[in-house]
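Trainee: I'd like to go over a predicted model; first the sequence, then the structure.
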There are 2 protein chains.
Amino acid sequence: MAVSKKEEFNKTDIEVAEIAKALSHPARIKILKILNDLDSCMVGNIVDLLPLSQSTVSQHLSELKRVGLIQGEIEGPKICYCLKPDVIEKAKKEFSKLFTQVCKC
Amino acid sequence: MAVSKKEEFNKTDIEVAEIAKALSHPARIKILKILNDLDSCMVGNIVDLLPLSQSTVSQHLSELKRVGLIQGEIEGPKICYCLKPDVIEKAKKEFSKLFTQVCKC
DNA sequence: TATTCTCATCGTATATTTACGATGAACGAT
DNA sequence: ATCGTTCATCGTAAATATACGATGAGAATA
């Protein structure tokens, strides 16, 4: 695509778009729900619940981690992933604000 | 990417992901805001407010139209685009539900 | 009818995303 | 020290997204 022009927009719009991008695949939506449901949050557990390979799931986790919606902590040979409620809360507010702003109400 | 596996997820997650995808570019976020601000909503007006070519803007409008967030009505040689508040309202609720569900609160 | 305006679509180039298997690093257990 | 487990990353292939200019269709206007 030649050259991206995303940076030419305002910071808030870019931020919301980034979060939206992280949520733009059903696997990532489901991962968030899984992390909310499970106590233990090994990658293997998540892989078992998705129709995707381990490496693909790992990529999806990276994308969610990139925007800060989740975090991973090393726990021996395993990695414990979990939600970051403060970031999710912030995202919730930003989306709510956007929709309200744009909803003529 | 070999073959997409998106259809293998549940319908609700796919729907939310689709809306998120439509919101995953700052140009499209801005277009929603522009449509909310302007009375007249010709494509040309939108193009003037974005750092993108007419054809690119047209593609972004198509994506928003595809998921139903906006609609376009022919008005002579022009096309009047406008928001679809009911769909936006629905999207707002779905995102709110997702974040609440996933926020441990 | 010819011209102009408005916009979608086509063709194209390049970037990014999605998917997988293979590999290797890090760690615990034997 | 070796082995098994766990996971990220690499390499790769194919699909999709982003961007543009060119073209053409449709409608109003001259």
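Mentor: Alright, I've got the coordinates.

Trainee: Make sure A:Pro51 is actually in contact with B:Glu8.
Mentor: Yes: the pair A:Pro51 / B:Glu8 is scored as a contact, 4.6 Å apart, by C-beta atoms under 8 Å. The way it works is simple: take the backbone N, C-alpha and C, and place the C-beta from them, glycine included.

Trainee: Spit out the contact partners of the residue nearest the centre of chain A.
Mentor: Residue closest to the mean C-alpha point of chain A, counted by C-alpha atoms, centre = their mean, is A:Leu64 at 3.2 Å. Neighbouring residues of A:Leu64 by C-beta atoms under 8 Å, 6 or more residues apart in numbering or on different chains: A:22, A:28, A:31-32, A:70.

Trainee: Strands along chain A, start to end?
Mentor: A:70-75, A:78-83 (DSSP state E).

Trainee: Indicate which one of the ones you listed is closest to DNA strand D.
Mentor: DNA strand D sits nearest to strand A:78-83 of all the strands of chain A, at 3.7 Å, using C-beta to the nearest atom of the strand.

Trainee: Low-confidence regions, chain A specifically.
Mentor: Scanning chain A for pLDDT under 70 picks out the ranges A:1, A:105.

Trainee: In terms of secondary structure, what does the lengthiest helix in it contact?
Mentor: Secondary structure of chain A per DSSP state H: the longest helix is helix A:85-101. Helix A:85-101 makes packing contacts with helix A:11-22, helix B:26-37, helix B:85-101 when contacts are defined by 3 or more C-beta pairs under 8 Å, 6 or more residues apart in numbering or on different chains; DSSP states H and E.
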